[in-house]
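Q: give me a model of this one.
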Amino acid sequence: MKKVIQIPGAPAPIGPYSQAVLVKDTLYVSGQIPIDPQSGAIIDESIEASTHQVMKNILALVNEAGMTVDNIVKCSIFLDDLNNFDRVNQVYATYFQDAPPARETVQVSRLPKDVAVEISCIAVK
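A: Predicted structure coming up:
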């Protein structure tokens with residue numbers, strides 16, 4: 001049995017998918033892009049600001065499922081330019097102080113709404 005996690009504290013889906021889905025004790029968070037959920041604006045003044053917004057969106061969904069950042073066990077990072085890897089990593093590291101999750105980072109040719117970064121994750125209670 002799955003439970004769809006849909007909250008106003010994270011951007012509304014821009015397609016036919018759920019923001020997150022909880023199955024038993026595992027939460028699957030769809031790829032989040034740097035959209036401010038209140039204004040709908042894309043946060044793109046810098047890759048650092050974009051990454052912070054993405055992480056805020058992820059944490060809003062994780063928290064809604066009764067979990068914290070410490071429950072995140074896997075992340076996937078998609079960048080439109082791997083030259084931003086170090087800058088994204090610096091921001092990302094501030095969210096995972098101890099025992100960071102497993103992860104991959106890949107460059108893709110294009111992301112939704114032409115953003116520079118998208119991150120998805122899996123969290124387990």
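Q: over to the residue lying closest to residue 80 once chain neighbours are set aside: give its phi and psi.
A: The shortest distance from residue 80 to any non-neighbouring residue, by Cβ to Cβ, 6 or more residues apart in numbering, is to residue 116 (5.1 Å). Glycine gets a C-beta too; all of them are placed from N, C-alpha and C. The phi and psi torsions at residue 116 (degrees, to the nearest 10) take the values phi -90, psi -20.
Q: relative to residue 5, how far out is the closest residue to residue 84 other than its chain neighbours?
A: Spatially, and ignoring its direct neighbours in sequence, residue 84 is nearest to residue 47 (4.6 Å; Cβ to Cβ, 6+ apart). Distance, residue 47 to residue 5, by Cβ to Cβ, to the nearest Å: 27 Å.
Q: what comes up buried for the lowest-mean-pLDDT helix or strand in the chain?
A: For the chain, counting by mean pLDDT, DSSP states H and E, strand 2-5 ranks last in confidence among helices and strands (a mean of 94). Within strand 2-5, the residues scored as buried using 16 or more other Cβ atoms under 10 Å are residue 5.
Q: who are the packing partners of it?
A: Secondary-structure packing of strand 2-5 (3 or more Cβ pairs under 8 Å, 6 or more residues apart in numbering; DSSP states H and E): strand 20-23.
Q: direction included, what does the strand it packs on pair against?
A: Partners of strand 20-23 in the sheet, by DSSP bridges, are strand 2-5 (antiparallel), strand 26-32 (antiparallel).
Q: any chance of a markdown table for those, columns distance to residue 66?
A: Listed next are those as a markdown table, based on distance: least, Cβ to Cβ, whole Å:
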| stretch | distance to residue 66 |
| --- | --- |
| strand 2-5 | 10 |
| strand 26-32 | 9 |
